[in-house]
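Q: My questions concern the predicted model and sequence given below.
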Amino acid sequence: MIRLLACAAALLSAEAAIAANPSPCLTRDEAGNLFIFIAPSAIEAAALRCGPTLPEGAYLRGAHAELVQRLRTEANRNQAGLRTILAKISGEDMPEGIRDETFRGLMEDVMGAEFSKDLSPQSCPAVNSLALALSPLPARNIGILIASIIELAGSDGKEDPLPICRAN
């Protein structure tokens, strides 16, 4: 369990993971799958944090539940790959013997808490707009879109927020 928490911490601190193991990178598909897994918890955390500050009828005040369900369904299909992706980022094997439900629940809780901790009320309207804009897209496209944006953000020669392979 300690190793699992350490792996979660490594994922949440991409700079530490990259510094500890700079050579591995994720394919765009792997990064997309990672974001598909993270997105439901991030959207739910944003809805919890932002809901009270947004106007009645805002997307994050209720309509987001369908998007969360679609993303979670897709994430569940690719759960086995998540362990491989996290091992690749952290440079450590995932602990054996942890049930998928336990692993998924822990990771969802950690991701949701990490996403919402710095979410200010001032950013809620923009987060609401982003979630609404993503809502009609298929889950796979959302993952690839976010991975591509992260990849582009890292193409300016500065340190990548997540190590995405450039050749794919």
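A: It's in. Numbering: from 1, shown residues only.

Q: which ones are touching Arg143?
A: Heads up, residue 143 is Gly, not Arg. Residues in contact with Gly143 (C-beta atoms under 8 Å, 6 or more residues apart in numbering) are Ala31, Gly32, Asn33, Leu34, Phe35, Ile36, Ala39, Glu74. Backbone N, C-alpha and C define where each C-beta goes, glycine included.

Q: quick one, what contacts the first one?
A: Meaning Ala31. Here Ala31 is in contact with Gly143, Ile146, Ala147, Ile150, Glu151, Leu162, Ile164 (criterion: C-beta under 8 Å, 6+ apart).

Q: if we can go back for a sec, can you say which of the contacts of Gly143 are buried?
A: Ala31, Gly32, Asn33, Leu34, Phe35, Ile36, Ala39, Glu74 (16 or more other C-beta atoms under 10 Å).

Q: want to throw those into CSV with secondary structure and pLDDT?
A: Formatted as CSV, the buried ones among the contacts of Gly143 follow (DSSP: H, G, I helix; E, B strand; the rest coil; pLDDT from 0 to 100):
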residue, secondary structure, pLDDT
Ala31, helix, 89
Gly32, helix, 90
Asn33, helix, 90
Leu34, helix, 89
Phe35, helix, 90
Ile36, helix, 92
Ala39, helix, 91
Glu74, helix, 91
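
Q: got those as JSON lines, with distance to Ser129 columns?
A: Shown next, in JSON lines, are these (distance: C-beta to C-beta, whole Å):
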{"residue": "Ala31", "distance to Ser129": "23"}
{"residue": "Gly32", "distance to Ser129": "22"}
{"residue": "Asn33", "distance to Ser129": "25"}
{"residue": "Leu34", "distance to Ser129": "23"}
{"residue": "Phe35", "distance to Ser129": "18"}
{"residue": "Ile36", "distance to Ser129": "20"}
{"residue": "Ala39", "distance to Ser129": "16"}
{"residue": "Glu74", "distance to Ser129": "22"}
